[in-house]
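Asker: Dropping the sequence and predicted coords here.
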Amino acid sequence: MPPVPADSLVVGIDFGTLSGRAVVVRVRDGAELGTAVTEYRHGVVDDRLPATAEELPPGWALQVPSDYVDVLRTAVPAALAEAGADPHDVIGIGTDFTACTMIPATADGTPLSELPEFAGNPHAYVKLWRHHAAQPQADRINTLARERAERWLPRYGGLISSEWEFAKALQLFEEAPEVYRAMRHWVEAADWIVWQLTGTYVRNACTAGYKGIYQDGCYPSREFLRSLNPGFESFADDKLDRPVGRLRSLAGKLSPEAAAWTGLPAGIAVAVGNVDAHVTAPAAQAVEPGQMVAIMGTSTCHVMNGADLREVPGMCGVVDGGIVPGLWGYEAGQSGVGDIFGWFVEHCVPQSCSDAAGSEGLHAFLTRLAAQQEIGEHGLVALDWHSGNRSVLVDHELSGVLVGQTLSTRPEHVYRALLEATAFGTRKIIETFEAAGVPVTELIVAGGLTKNPLLMQIYADVTGLPLSVIGSAQGPALGSAIHAAVAAGAYPDVHAAAAAMGSVQRMAHQPVLANVSAYDELYAEYTALHDYFGRGGNDVLHRLAARRRELATVAKGQN
């Protein structure tokens, strides 16, 4: 392969929950020269179906795939323009996506929601990562896997999530058999977007391993799938199985059609797809064992490398080479973080606070007031389960809890309690990893929430760990650009590319000893509530979820 010119560029594209962003990166040093964001026109479809205005049941979260193509058409050219870059200097593209986000597609990759006969069927649309309506299917998968002592189950902490490929597919099979029959491919969005860029469908090793129960070269057996539901036994063979591409590898070359969308030269390298969280690790130069990266946005995903294979209860998965080659990549996460803060500000804050906040904005206003409180002054403890619990309980029937309110409780008290609850959730994950023999030596934070200094200090104090902070505001997009550089041949591997192109501020937030001690006491209360509501002490949250779902189904039938 010929040497790469010194001023070569790569483009990283990060497809998030609400928007997609593109960044133009210089290969030799990782300098981010231009960036642009495109909001998804349809956002998250969790209320009514766009084509028919049909009301969706609780737990549903869909998207419209044309929104993803809009990012290619708008964000990439805009990022190039901001960078003042010559498109012919770009040698590669890398992409990442939320996961597990699934698209039912035809043989040529057309999403079924784009076919007239399925435009009014919600099962034909993208099932976003936070679609939790497949919890009953996930429960059956877990029960059967435990009964059969399936060897792959411990690789996922003993539980398969309703967010993942098999649970969502089983829901589709059982609730919309006509859509299932018409579907040729059940495609991770991370792979679908690469398919649109190259014309080639290649599964990526990351989503296959973490979300698709692909371990040691195979999926769950036909016998297992038949036991779940007769007729489902061919799912993996017929709808899922494709060649699995290694991370950092070349998926294909940019097609003429995608070149016209993006304004880039046809034929440049397109890297195998990846997941937003996992691809962030090299952007934060976190490619060694013990370095846990918490990518904090609407949700938080925790990823880290380990030298050895361990079974961690409630983890989202462990995959050989799932982050970088030669190490075991571990994943855990919290289904709601920034979403919880946003929900509270949008729905629970009185007008008087909005008036007082003025141009400062409610988040900044409440953060400032929360920072003036002593630890525990609000008298509250919250559970961060407003979107269910991903780790370590893996139960999306759980919901948020707030204990300790009085007539003196103010919005800033609740806001701080919610910030603390998410930090407690991260500590629970760290402690679970360490108890299983996977030590966490450094916590590195990435994502939009790093801009909140109070939140960062709370995380340092609650975990007792110094926090390092990624040096890029576009961590996933930069990570995708790093993979693009390797796929294009600019670096021999991800380690070398991360050293040259990644960026991190080490030990940016130090724990305060007195605060650590105070939070130890509050964390003990959090743990008591966590186990009481989450480990069978009281199943009230499950009963409430069942009642909510039942009444919503009745109401939908009446309409």
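Answerer: The structure has been received and is ready for your questions.

Asker: could you give the mean pLDDT of stretch 406-414?
Answerer: Per-residue pLDDT over stretch 406-414 has a mean of 98.

Asker: Specify the beta-bridge partners of Met296.
Answerer: Met296 has these beta-bridge partners by DSSP bridges: Thr300.

Asker: In the stretch 151-300 of the chain, what residue spans correspond to helices?
Answerer: Ranges of helices in the stretch 151-300 of the chain, per DSSP state H, counting those that start in this stretch, are 165-175, 177-182, 189-198, 205-210, 222-228, 235, 256-262, 276-283.

Asker: Return the most buried member of these.
Answerer: Among the helices of the stretch 151-300 of the chain, helix 276-283 has the highest mean neighbour count (mean count of other Cβ atoms under 10 Å), at a mean of 30. For every residue, glycine as well, the C-beta is placed using N, CA and C.

Asker: what are the phi and psi values for Tyr330?
Answerer: phi -110, psi 150 (degrees, to the nearest 10).

Asker: Show the model's pLDDT score for it.
Answerer: So, for Tyr330, pLDDT stands at 97.

Asker: Number the residues from 15 up from this point.
Answerer: OK, 15 is where the count begins now, so the last one is Tyr344.

Asker: Tell me who's in contact with it.
Answerer: 317-320, 326, 329, 331-332, 336, 447, 452 (Cβ atoms under 8 Å, 6 or more residues apart in numbering).

Asker: where's Leu553 relative to Ile117, distance?
Answerer: Check again: residue 553 is Asp, not Leu. 35 Å (Cβ to Cβ, to the nearest Å).

Asker: same deal with Gly311?
Answerer: To Ile117, Gly311 is 22 Å away according to Cβ to Cβ.

Asker: Show me which of these two is the more surrounded one.
Answerer: The residue with more neighbours, out of Gly311 and Ile117, is Ile117; 26 against 22, by other Cβ atoms under 10 Å.

Asker: Name all residues that make contact with Ala222.
Answerer: Neighbouring residues of Ala222 by Cβ under 8 Å, 6+ apart: 228, 258.

Asker: And the pLDDT for it?
Answerer: 97.

Asker: returning to what we had before: make JSON lines out of the helices of the stretch 165-314 of the chain and add distance to Ala159.
Answerer: JSON lines is the format used below for the helices of the stretch 165-314 of the chain (distance: least, Cβ to Cβ, whole Å):
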{"stretch": "helix 179-189", "distance to Ala159": "10"}
{"stretch": "helix 191-196", "distance to Ala159": "22"}
{"stretch": "helix 203-212", "distance to Ala159": "25"}
{"stretch": "helix 219-224", "distance to Ala159": "16"}
{"stretch": "helix 236-242", "distance to Ala159": "7"}
{"stretch": "helix 249", "distance to Ala159": "15"}
{"stretch": "helix 270-276", "distance to Ala159": "39"}
{"stretch": "helix 290-297", "distance to Ala159": "24"}
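
Asker: shaky segments in this structure?
Answerer: Along the chain, the parts satisfying pLDDT under 70 run over 15-16, 570, 573.

Asker: Centre-most residue in it?
Answerer: Among the residues of the chain, the one closest to the centroid is Thr112, at 4.6 Å (Cα atoms, centre = their mean).

Asker: Quick check: nearest residue in space to that residue, chain neighbours excluded?
Answerer: Nearest residue to Thr112, sequence neighbours excluded (Cβ to Cβ, 6 or more residues apart in numbering): Trp143, at 4.6 Å.
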